[in-house]
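Q: this one's structure only:
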């Protein structure tokens, strides 16, 4: 890594940690969106794995684990299998199609967050829809390294209580992170996605520092306003990525 990449990784993951600390989510999405403008998406996704894993572990803990497992196991199983075994072009290709898909996902996620459309109620039949949502999320995770669509909107359709929703997000992101790590394992060497250990350590330390800082800022910032601004950033970054890919 040269000095530019060191500064880039530190700044991106510190900022992404703040996003995670304030809003409870968004670290992988924000990190890959920014890093993807300067390096292959596979390299960006590789850097995201360890910070995402560590910062989601605490969010997975809670009193709703067994109840969520009974309701959402098809979601997590479908997501993991689709991520690992996706037949679609993945992050290792680093071609225009990968950047176009990533840009489109970022724009779609930003527009969804700003519009907040009414969502159907799947709370009575969570297992029937969970498998479909899990597979779609896994396919997009394999292609982009981002695992928010349609995962987050689907979890919102289940009308979970706040604590259960936060825990479900944490477990879902943890499963997606581990599955992506398995997939990236066999493409890292050929795609140039390998990163020196110092890069991973820097990403982890700055992300954790950002989460700590974001948790402190949460008490002072109007979170809804912050989230709307963040969705706007995702739209802008996605549009820029689409423009560069085309």
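A: Yep, that arrived. Worth saying up front: this structure is predicted, and the values here are computed from it rather than measured.
Q: Could you look up the next helix or strand downstream of the helix-or-strand element of the chain with minimal mean pLDDT?
A: For the chain, the helix or strand with the lowest mean confidence is helix 188-191, at a mean of 51 (criterion: mean pLDDT, DSSP states H and E). Going down the chain from helix 188-191, the next helix or strand is helix 197-217, by DSSP states H and E.
Q: Show me what that next one packs onto, helices and strands only.
A: helix 3-23, helix 27-35, helix 41-60 (3 or more CB pairs under 8 Å, 6 or more residues apart in numbering; DSSP states H and E). Any C-beta I mention is one placed from the backbone N, CA and C, and that applies to glycine too.
Q: Would you indicate which residues of it are buried?
A: 199-200, 202-204, 206-211, 213-214 (16 or more other CB atoms under 10 Å).
Q: now swap in stretch 169-186 and tell me
A: Result for stretch 169-186 [16+ other CB under 10 Å]: buried residues 169-181, 183-184.
Q: cool, stretch 142-154 as well?
A: Using 16+ other CB under 10 Å as the test for burial, stretch 142-154 gives 142-154.
Q: Show me which of the residues you listed is closest to residue 229.
A: residue 148 (16.7 Å; CB to CB).
Q: now for the host helix or strand of residue 152, which elements pack on it?
A: Secondary structure from DSSP H and E places residue 152 in helix 151-157. On a contact count with 3+ CB pairs under 8 Å, 6+ apart, helix 151-157 meets helix 65-85, helix 126-144, helix 162-185.
Q: To residue 24, which of those lies closest?
A: Of all those, helix 162-185 sits nearest to residue 24, with 6.1 Å by CB to CB.
Q: Report the angle between the closest one and helix 27-35.
A: Angle between the axes of helix 162-185 and helix 27-35 is 50 degrees (criterion: axes from the mean of the first three to the mean of the last three CA atoms, to 10 degrees).
Q: so how far is helix 162-185 from its chain's centroid?
A: Here the centre of helix 162-185 is set off from its chain's centre by 9 Å, with CA atoms, centre = their mean, to the nearest Å.
Q: Stretch 9-24 now?
A: Stretch 9-24 sits 12 Å away from the centroid of its parent chain (CA atoms, centre = their mean).
Q: Repeat that for stretch 206-222.
A: Counting by CA atoms, centre = their mean, stretch 206-222 is centred 18 Å from the centre of its parent chain.
Q: next one: stretch 131-144
A: Distance, centroid of stretch 131-144 to centroid of chain: 12 Å (CA atoms, centre = their mean).
Q: Check the average confidence over that stretch, would you?
A: Per-residue pLDDT values across stretch 131-144 average out to 91.
Q: Contacts for it, please.
A: 32, 41, 74-84, 86, 88-91, 98, 101-102, 105, 146-147, 149-151, 154, 176, 179-180, 183 (CB atoms under 8 Å, 6 or more residues apart in numbering).
Q: What pLDDT does the model give residue 1?
A: 64.
Q: If you could redo that for residue 178, that was the one I meant.
A: You'll see residue 178 listed with a pLDDT of 91.
Q: Could you check how far it is from residue 224?
A: 31 Å (CB to CB, to the nearest Å).
Q: which residue packs closest to residue 218, ignoring adjacent ones?
A: Closest residue to residue 218 apart from its sequence neighbours, by CB to CB, 6 or more residues apart in numbering: residue 22 at 5.0 Å.
Q: hang on, the earlier thing: now render the buried residues of helix 197-217 as CSV, adding pLDDT.
A: Formatted as CSV, those follow (pLDDT from 0 to 100):
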residue, pLDDT
199, 86
200, 89
202, 93
203, 92
204, 93
206, 95
207, 93
208, 93
209, 94
210, 91
211, 90
213, 91
214, 86
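Q: Tell me the one of the residues you listed nearest residue 69?
A: Distance to residue 69, by CB to CB, is smallest for residue 211 among these, at 25.6 Å.
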